[in-house]
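Asker: I'll drop the sequence and a predicted model, then ask my questions.
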Amino acid sequence: MLGKLVGAAVFGALMAGVAHAETFRIGLSNSFVGSEWRTQMIEEAQAAAAAWKDKGVDVEVVVQSGDVDVQGQIGHIRNFINQGVNAIIINPGSPTAFSPVFAQAKARDILVIATDAEVASKDAIYVGIDQKAWAAQSAEWLAEALGGKGNLVTINGIAGNPANEARVAGYREVFAQHPDIKILNEANANWDQAQGQQTMQNLLATYPDIQGVWVQDGMADGAWRAIEAAGKKDSIAATGEIRKDFMTRWESERLNSAASVNPPGVMASALNVAVLALQGKEFKDGVFGGPNANAIYIPIPFVDNDNLAENLKAAEDKPGYWSVTATVTPEEAEAFFK
């Protein structure tokens, strides 16, 4: 009889725990599937959601991901609103176009967080790296590698994308401080390795006297292949990738390279912040910054020849496309709240 009572008590306690478990539904919107970085971003966000179960919180994620324009991504947001999600995390394709639909989400008490690229809307917050600072960090390295002088070219992502435009502003600001550094050309290769390689080939053919290349991730591997094919890997300094396969070649070929890290874990970081906010925690006064006063910036790791081996060791059991990453854990995210 006692055993039955104890068993009933344990069962009742378990059921009470289930009854009172917090449950949140979060929509994830991604508008570009042309890189494994985006795939890793979503996978890490899904893993972060699953990890909340150990804390007694059920987080269901609904993913909308595809190659869509701004109107298509607005459709993602409207779908999430109609589905009654508690929060939306978006890697946005525009800094301003989503403001009306974000206002609609806020009117339905839906938390909106942008990541990877900032938005101007006061009805959303941003959790991610400062893309301008990301670019400035690697531009400073390149300026130093060139001794403050020389000819360089840049290869950028998708023109008009808010992350891309912030990065362009970041390197321009740095190189403007070095009057003996001349930017010969600023090209776009749309965060595509094949385009990055072809663009670099074209630039080398047009400008044979290049000493430096500032190229964004998602294209740097391709750009370096063109540099190596031209026999110029020992005479050119260029920014690189944080992918395992590129870092492996970087080490073996002893490339003169370095890379700012935009961690795929940015969406997971945003999700952890979202869950804490949905639990009713209030943001600290003064926690938001950036040009729109709605940004929480997270650290930007940096890979160079001094710590390359360390980063490769961390990637030992990962596939070649895996990128160096970092995530703001729930415990670390607590620092943003009162």
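Answerer: Received, thanks. Numbering: from 1, shown residues only.
Asker: Contacts for stretch 77-84 next, please.
Answerer: For stretch 77-84, the surrounding residues in contact (Cβ atoms under 8 Å, 6 or more residues apart in numbering) are 25, 27, 29, 62, 64, 88, 90, 98, 101-102, 104-105, 108, 110. Just so you know, the C-beta spots here come from the backbone N, C-alpha and C atoms, and that holds for glycine as well.
Asker: in that stretch, what's buried?
Answerer: 77, 80-81 (16 or more other Cβ atoms under 10 Å).
Asker: Which of the contacts of stretch 77-84 fall in strands?
Answerer: Using DSSP state E, the subset of the contacts of stretch 77-84 located in strands is 25, 27, 29, 62, 64, 88, 90.
Asker: which of the residues you listed count as buried?
Answerer: Buried, going by 16+ other Cβ under 10 Å: 25, 27, 29, 64, 88, 90, out of those.
Asker: so which of those residues would you say is closest to Ile298?
Answerer: Nearest to Ile298 among those: Ile90, at 16.7 Å, using Cβ to Cβ.
Asker: returning to what we had before: out of the buried residues of stretch 77-84, which sit inside helices?
Answerer: Using DSSP state H, the subset of these located in helices is 77, 80-81.
Asker: Including distance to Lys182 and pLDDT, could those residues go into TSV?
Answerer: Shown next, in TSV, are these (distance: Cβ to Cβ, whole Å; pLDDT from 0 to 100):
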residue	distance to Lys182	pLDDT
Ile77	43	98
Phe80	47	98
Ile81	49	98
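Asker: Distance of Asp130 relative to Leu278?
Answerer: The gap separating Asp130 from Leu278 is 25 Å, by Cβ to Cβ, to the nearest Å.
Asker: Over to Ser35?
Answerer: Counting by Cβ to Cβ, the gap from Ser35 to Leu278 is 29 Å.
Asker: Report the angle between the helix or strand where Leu271 lies and strand 87-91.
Answerer: Secondary structure from DSSP states H and E places Leu271 in helix 266-278. Orientation note: helix 266-278 sits at an angle of 160 degrees relative to strand 87-91 (axes from the mean of the first three to the mean of the last three Cα atoms, to 10 degrees).
Asker: Buried residues of helix 266-278, list them for me.
Answerer: Across helix 266-278, burial judged by 16+ other Cβ under 10 Å covers 266-278.
Asker: of the buried residues of stretch 77-84, closest to Lys233?
Answerer: Relative to Lys233, the closest of the buried residues of stretch 77-84 is Ile77; by Cβ to Cβ it sits at 44.8 Å.
Asker: Val127 should be in a strand, yeah?
Answerer: Yes: assessed with DSSP: H, G, I helix; E, B strand; the rest coil, Val127 lies in a strand.
Asker: Looks like it contacts Asn294 (just checking).
Answerer: No: in this structure, Val127 is not within contact of Asn294 by Cβ atoms under 8 Å, at 9.9 Å.
Asker: okay, those two: which has more neighbours?
Answerer: Counted by other Cβ atoms under 10 Å, Val127 and Asn294 do not tie: Val127 has more neighbours, with 25 against 20.
Asker: List the beta-bridge partners for the more buried one.
Answerer: Applying DSSP bridges to Val127 gives these bridge partners: Ile296.
Asker: who's in contact with it?
Answerer: Per Cβ under 8 Å, 6+ apart, neighbours of Val127: 113-115, 266, 269-270, 273, 295-296, 298, 328.
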